[in-house]
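Engineer: Okay, sequence plus prediction incoming.
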Amino acid sequence: MLARQRQDMILDEVRRTGAVQVSDLVQRLGVSDMTIRRDLDTLAARGEVEKVYGGATSVLDRSTDEPGFEAKSVYQPAEKKAIALRAAEMIRPGTALGLSAGTTTWTLARHLDDVADLTVVTNSVRIADVLQQRGRTDRTVILTGGVRTPSDALVGPVAVRALQSLHLDVVFLGVHGMSTRAGFTTPNLDESETNRALARTGNRLVVLADHAKWSTVGISTIVGLDEADVLVTDDGLPEEARATLNEHVSELAIAPVAAADGASTGSSEETNPKEDDEK
């Protein structure tokens with residue numbers, strides 16, 4: 001097979017599914033790992049895909065672009081793990097918490113095995129499946145119901161009504177983007193409404209967003225930056241962005257990626273809470 005034919009096949013798969021992984025392409029096309037990586041380099045240089053850790057995704061350049069769950073799962077996996085481990089440290093036994101749909105919150109759900117007696121409300125079938133498959137008898141999982149989006153979130157009036165009468169200790173919110181102007185955003189209008197309803201159920205709101213979300217803007221704002229009690233991000237976030245966010249969020253928690261690599265429990269850099277009289 002000629003290189004151009006191979007690249008066209010890769011591009012077709014990216015357009016069809018939103019993402020490809022190098023390991024899958026090696027098996028499917030019967031070529032070496034390096035050959036696939038060169039093909040991805042060529043496609044990325046032409047602006048037809050975006051290279052990510054272990055593969056490539058479709059190029060997103062509009063505020064309404066919404067990748068599927070599988071496509072998003074290959075973005076910044078090490079950063080998401082670091083963030084999830086840091087967030088898990090905030091959860092105590094007996095907590096009633098909310099988890100919005102998303103790959104970072106899904107990663108958090110996979111690191112809750114050491115926390116007993118949890119009640120978890122989520123609008124994500126994938127998160128509910130993870131929590132149920134753990135086989136814990138001291139865990140209650142409440143799934144909102146609703147219409148399923150490309151990113152596997154359950155949204156719409158059914159989901160919103162299910163959330164309106166709930167009161168949770170803390171809500172962990174995954175987002176598509178964050179910026180000073182737009183706040184925390186999503187490319188899906190229905191998901192934005194549902195996530196706002198979920199955020200209102202929590203006594204405390206913790207936003208989970210890796211550094212690549214900075215300056216990314218979806219079409220709809222979920223909450224403003226100043227509405228987050230805590231923002232958990234990774235140490236890839238530039239210093240100027242940290243300074244800006246510290247002016248808006250009550251507390252900025254920076255999770256070191258290297259410390260989380262291969263770890264089962266997390267640690268983090270010291271957080272940067274504002275003074276009490278500034279909250």
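Structural biologist: Happy to help now that I have it. Numbering: from 1, shown residues only.
Engineer: In this protein, which residue is most central in space?
Structural biologist: The centroid of the chain falls nearest to Thr104 when counting by C-alpha atoms, centre = their mean (3.2 Å).
Engineer: what's the closest non-adjacent residue to Leu118?
Structural biologist: Counting by C-beta to C-beta, 6 or more residues apart in numbering, the nearest residue to Leu118 once its immediate chain neighbours are dropped is Arg139, at 5.2 Å. Yep, even glycine has a C-beta here, placed from its N, CA and C like the rest.
Engineer: got a list of what that neighbour touches?
Structural biologist: Contacts for Arg139 (C-beta atoms under 8 Å, 6 or more residues apart in numbering) come out as Asp117, Leu118, Thr119, Val120, Leu131.
Engineer: ok, those vs Leu166, which is closest?
Structural biologist: Of all the contacts of Arg139, the one with the least separation from Leu166 (C-beta to C-beta) is Thr119, at 9.9 Å.
Engineer: For Pro238, see how far away the closest one is.
Structural biologist: Thr119 sits 37 Å away from Pro238, taking C-beta to C-beta, to the nearest Å as the criterion.
Engineer: Which one of those two is surrounded by more residues?
Structural biologist: Each of Thr119 and Pro238 had its neighbours counted (other C-beta atoms under 10 Å), and the higher figure belongs to Thr119 (17 against 11).
Engineer: Bridge partners for the more buried one, pull those for me.
Structural biologist: When bridges are called by DSSP bridges, Thr119 pairs up with Ala96, Thr140.
Engineer: Now do it against Ser165, distance only.
Structural biologist: On the measure of C-beta to C-beta, Thr119 and Ser165 end up 14 Å apart.
Engineer: ditto for Leu99
Structural biologist: Distance, Leu99 to Ser165, by C-beta to C-beta: 18 Å.
Engineer: And those two? Which one has more around it.
Structural biologist: Neighbour totals were compared for Leu99 and Ser165, and Leu99 leads with 29 against 7 (other C-beta under 10 Å).
Engineer: show me where the stretch 101-250 of the chain has strands.
Structural biologist: Chain-ordered strands for the stretch 101-250 of the chain, with DSSP state E, counting those that start in this stretch as the definition, fall at 118-122, 139-143, 147-148, 154-155, 170-174, 177-179, 183-186, 205-208, 220-223, 230-234.
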